[in-house]
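Enquirer: return atomic coordinates for the entry below.
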Amino acid sequence: MGGEGDEIMIETEDQEQQKPRAGLVRTHTDLEVYQLAFDLSMEIFQVSKSFPKAETYSLTDQIRRSSRSVCANMAEAWRKRRYEAAFVSKLSDSETEAAETQVWIQFAVKCEYITREQATQLYTEYDKVLGMLVALIINPKPWLLKK
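Expert: Modelled structure (predicted):
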């Protein structure tokens, strides 16, 4: 699946929250933050199925797109680990998509498409994603490919 040098051991305590299930990160899908964001995206998809048809080309598409982009940008970042600036840039894109998803969650509550409880749970989980992404952005070196 991946290229040579894709196996990276987690070496720092700063990355504790990023530990994969098996302790070894081979691909972006092994990252805890990716797994959480993917699960949230699927939850957003399920919740947005009940949005009115009038929202199909606005709120429904927007919230689905931004939630999926969190994961897509992480995949792109993973493949750009040869260059710190490119890696961090794509992680920053992922961070902005997560924040955008939170905005769409707020709109969904105000439009009464989801309950405040659903929104609070989703919003809080996206706060976790944001925190994990910021941790990666602040300390990218352990994740970069060694030359």
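
Enquirer: every contact and neighbour count from this point should use C-alpha atoms.
Expert: OK.

Enquirer: quick one, helices of this structure?
Expert: Along the chain, counting by DSSP state H, helices occupy 32-48, 61-79, 84-110, 116-138.

Enquirer: out of those helices, which is closest to residue 144?
Expert: Smallest distance to residue 144 across the helices of the chain (C-alpha to C-alpha): 6.7 Å, for helix 84-110.

Enquirer: that older thread, who wins for proximity to residue 26 among the helices of the chain?
Expert: In terms of C-alpha to C-alpha, the element of the helices of the chain nearest to residue 26 is helix 61-79, at 10.0 Å.

Enquirer: same list (the helices of the chain) but as a markdown table, adding mean neighbour count.
Expert: What follows is these, written out as a markdown table (neighbours: other C-alpha atoms under 10 Å):
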| stretch | mean neighbour count |
| --- | --- |
| helix 32-48 | 18 |
| helix 61-79 | 21 |
| helix 84-110 | 20 |
| helix 116-138 | 17 |
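
Enquirer: quick one: those as a markdown table, columns for distance to residue 145 and mean pLDDT too.
Expert: Conversion of the helices of the chain to a markdown table gives the following (distance: least, C-alpha to C-alpha, whole Å; pLDDT from 0 to 100):
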| stretch | distance to residue 145 | mean pLDDT |
| --- | --- | --- |
| helix 32-48 | 19 | 98 |
| helix 61-79 | 10 | 98 |
| helix 84-110 | 9 | 98 |
| helix 116-138 | 14 | 98 |
